[in-house]
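# Task: produce atomic coordinates for the following.
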Amino acid sequence: MPDILQYILLVTGIVSLAALLIFAFSGPSKNKIGARRLHDMKLRHSDSTQTTVEAQMRKAVAARKPRMVNEGEKQSRIDILANRIHMTGKSWTIAQYAYVSLGIAITFMILVYTRSGNLMLSSAVGIMLGLGLPHLVIGFLIKRRVNQFTSSFPDAIELLVRGLRSGLPVTETLTVVAQEIEGPVGEEFKSVTERIKIGRSMDEALEETAKKLGTPEFNFFCITIAIQRETGGNLAETLANLADVLRKRSQMKLKIRAMSSESKASAYIVGALPFIVFGMVWWINPTYLGGFFTDDRLIIAGLGGAVWMSIGAFIMAKMVNFEI
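Coordinates of the predicted model:
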């Protein structure tokens with residue numbers, strides 16, 4: 001009976017730690033989204049002319065989102081995983097991802113079992129790392145590619161503006177961007193032009209790319225194109241203003257990153273150092289810390305310390321996480 005209690009406490013602590021870390025570095029909270037929706041409702045029912053025009057513009061923008069949202073809701077977990085792998089820009093398959101995850105799980109399971117002799121502990125660590133490490137690597141690659149796309153996207157928009165001002169149609173300027181701009185921007189615009197060539201409309205091609213990228217910058221671009229096609233106006237001037245806004249947005253992100261870099265480094269070091277030291281000491285001398293896996297009091301103390309450290313890391317991560 002004590003052994004079962006130890007295993008339950010150990011697995012509960014590991015799952016709680018993983019859940020806190022995932023929640024700490026997740027996207028914007030639902031409270032912020034609800035506050036924005038409440039603000040939109042206030043603007044919609046305002047008597048001011050300026051707020052009425054702004055509400056109508058936001059309503060036109062929101063009218064384009066349900067199609068993308070509904071398509072995303074119909075996707076299975078396999079499709080979502082395939083989309084994440086595609087967003088990395090790598091030619092990996094789901095089977096390769098599964099093989100790597102299985103290999104990592106088995107490798108760490110064997111390593112931990114040779115040091116501890118505890119099958120339950122080695123299985124829990126192997127499963128957690130086998131599922132977590134590939135997910136973190138995919139997320140890192142997606143973030144790096146999205147950052148590369150965001151940094152080069154204003155240049156692509158300015159190239160579109162020059163093409164439009166020279167008299168080229170929109171589809172031709174998209175082809176020029178796909179040929180002239182290297183990296184993720186050129187790849188995504190090339191996929192857009194290929195969809196247009198096989199009979200897809202421009203709106204559908206752009207929406208599909210926007211759904212795969214999930215970046216606000218490209219969503220702004222798609223919405224600008226759609227509104228201009230519906231209401232008319234000077235597209236080149238609108239895109240030039242959009243490029244200027246995106247550059248200022250990028251500069252603001254860099255300023256925030258520079259201001260919060262010290263706090264983030266401190267949070268990473270303070271949050272990870274106890275776990276790293278514990279793992280190194282346990283790996284060098286398992287008997288010295290063996291009580292944390294056999295004694296109920298030490299198990300509870302260790303899990304409590306891990307949970308409180310995770311809560312501290314979560315609070316520090318939220319304090320330095322700014323949304324633009």
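
# what about the helices in the stretch 51-200 of the chain?
65-74, 77-87, 94-116, 119-165, 170-180, 184-197 (DSSP state H, counting those that start in this stretch).

# okay if I get those as TSV plus distance to Ala301 and mean pLDDT?
For glycine as for every other residue, the C-beta is placed from the backbone atoms N, C-alpha and C. Output for those, formatted as TSV (distance: least, CB to CB, whole Å; pLDDT from 0 to 100):
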stretch	distance to Ala301	mean pLDDT
helix 65-74	44	45
helix 77-87	37	81
helix 94-116	18	85
helix 119-165	17	85
helix 170-180	59	83
helix 184-197	47	85
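
# Distance to Glu204 added to those helices, as TSV?
Output for the helices of the stretch 51-200 of the chain, formatted as TSV (distance: least, CB to CB, whole Å):
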stretch	distance to Glu204
helix 65-74	9
helix 77-87	17
helix 94-116	25
helix 119-165	19
helix 170-180	13
helix 184-197	7
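
# buried residues in whichever strand or helix holds Leu298?
Leu298 is located in helix 296-319, with elements delineated by DSSP states H and E. Across helix 296-319, burial judged by 16 or more other CB atoms under 10 Å covers Ile299, Gly302, Leu303, Ala306, Met309, Ser310, Ala313, Phe314, Met316, Ala317.

# Stretch 235-249 now?
Leu235, Ala236, Thr238, Leu239, Ala240, Leu242, Ala243, Leu246, Arg247, Arg249.

# circling back to that earlier point, using PDB, list the CA coordinates for the helix holding Leu298.
C-alpha atoms of helix 296-319 as PDB (Å, rounded to 0.1, in the frame of the first residue of the first chain):
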ATOM      1  CA  ASP A 296       6.500   9.300   2.200                       C
ATOM      2  CA  ARG A 297       7.500  12.400   4.100                       C
ATOM      3  CA  LEU A 298      10.300  13.200   1.600                       C
ATOM      4  CA  ILE A 299       8.000  12.500  -1.300                       C
ATOM      5  CA  ILE A 300       5.400  14.900  -0.100                       C
ATOM      6  CA  ALA A 301       8.100  17.500   0.700                       C
ATOM      7  CA  GLY A 302       9.700  17.100  -2.800                       C
ATOM      8  CA  LEU A 303       6.400  17.300  -4.600                       C
ATOM      9  CA  GLY A 304       5.300  20.300  -2.500                       C
ATOM     10  CA  GLY A 305       8.600  22.100  -3.300                       C
ATOM     11  CA  ALA A 306       8.200  21.300  -7.000                       C
ATOM     12  CA  VAL A 307       4.700  22.600  -7.100                       C
ATOM     13  CA  TRP A 308       5.600  25.800  -5.300                       C
ATOM     14  CA  MET A 309       8.700  26.300  -7.600                       C
ATOM     15  CA  SER A 310       6.400  25.800 -10.600                       C
ATOM     16  CA  ILE A 311       3.900  28.400  -9.200                       C
ATOM     17  CA  GLY A 312       6.800  30.900  -8.700                       C
ATOM     18  CA  ALA A 313       8.000  30.300 -12.300                       C
ATOM     19  CA  PHE A 314       4.400  30.700 -13.600                       C
ATOM     20  CA  ILE A 315       4.000  34.000 -11.800                       C
ATOM     21  CA  MET A 316       7.400  35.300 -13.000                       C
ATOM     22  CA  ALA A 317       6.500  34.200 -16.600                       C
ATOM     23  CA  LYS A 318       3.200  36.100 -16.500                       C
ATOM     24  CA  MET A 319       4.800  39.200 -15.100                       C
END
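
# Just name the closest of the buried residues of helix 296-319 to Asn147, please.
Set against Asn147, the nearest of the buried residues of helix 296-319 by CB to CB is Ala317 (18.7 Å).

# State the number of residues packed around the closest residue to Pro184 other than its chain neighbours.
Nearest in space to Pro184, with sequence neighbours left out and distances taken as CB to CB, 6 or more residues apart in numbering, is Phe149 at 4.1 Å. Residues lying near Phe149 (other CB atoms under 10 Å) number 22.

# distance of Phe149 from Phe140?
15 Å (CB to CB, to the nearest Å).

# thinking again about what came up before, restricted to helices, list the buried residues of stretch 235-249.
Members of the buried residues of stretch 235-249 lying in helices (criterion: DSSP state H): Leu235, Ala236, Thr238, Leu239, Ala240, Leu242, Ala243, Leu246, Arg247, Arg249.

# Make JSON lines from those and add distance to Asp203 to it.
JSON lines is the format used below for these (distance: CB to CB, whole Å):
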{"residue": "Leu235", "distance to Asp203": "14"}
{"residue": "Ala236", "distance to Asp203": "19"}
{"residue": "Thr238", "distance to Asp203": "16"}
{"residue": "Leu239", "distance to Asp203": "16"}
{"residue": "Ala240", "distance to Asp203": "21"}
{"residue": "Leu242", "distance to Asp203": "17"}
{"residue": "Ala243", "distance to Asp203": "21"}
{"residue": "Leu246", "distance to Asp203": "20"}
{"residue": "Arg247", "distance to Asp203": "25"}
{"residue": "Arg249", "distance to Asp203": "24"}
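
# So among those residues, where is pLDDT lowest?
Minimum pLDDT for those is recorded at Leu235 (79).
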